[in-house]
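J.: What shape does this take:
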Amino acid sequence: MKEKYIHIYNNLINFSRNKDLYKNLNRKDNFSDRLTLFLLHFSFFLKNFKNKENKNILQEIYDFNFRQLELSIREIGYGDQSINKKMKDYINLFHSMVSEIHFWDTLSRPEKMKKISLFLGDFQNIDDLLNYFEEFNSNLSKKTLNFYLKSVSNP
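T.: Residues are numbered from 1 along each chain as shown. Predicted coordinates for the structure are as follows:
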């Protein structure tokens, strides 16, 4: 695996640890909540940098991130059979996120709220989360992929 992608992985992890994202959750957050937010951040990341020039590097980043997730699940203590099932579920969730946000920039605000609600249904005040992801998406579009390959960003 290409360790040069650790910066991107760490950036996405840091974004998903942003305490403000969890303030409207009426319970203590758990691994699944954090993973869902990580995958949503990663979906926006791929959406913004997807083009022919970046195809191979984005595939490597995708492979690296999912390998890191698998290692995290192993660290939690799941067995091999559980890990395979969990990874399949997470990959399917991720691909549905990518599909739902593919045309994000052309959607109306109510449509975007519906999309965010699909994945963050346990969160109250989806409007705050939508504002956050709108800003996140905008910030991604202002930077190059190379920026994220070489630096660590703050949420």
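J.: so who does the nearest residue to residue 26 once chain neighbours are set aside touch?
T.: Here the nearest residue to residue 26 in space, its sequence neighbours aside, is residue 124; by Cβ to Cβ, 6 or more residues apart in numbering that works out to 6.2 Å. No exception for glycine: its C-beta is placed from N, CA and C like everyone else's. The contact partners of residue 124, by Cβ atoms under 8 Å, 6 or more residues apart in numbering, come to 24, 25, 26.
J.: Go through the residues you listed and say which is closest to residue 12.
T.: Closest approach between these and residue 12, by Cβ to Cβ: residue 25, at 19.2 Å.
J.: Could you count how many residues lie near the closest one?
T.: One way to gauge burial is a neighbour count; for residue 25, by other Cβ atoms under 10 Å, it gives 15.
J.: Please report how far it lies from residue 106.
T.: 29 Å (Cβ to Cβ, to the nearest Å).
J.: Also residue 116?
T.: Residue 116 sits 16 Å away from residue 106, taking Cβ to Cβ as the criterion.
J.: Lovely, talk soon.
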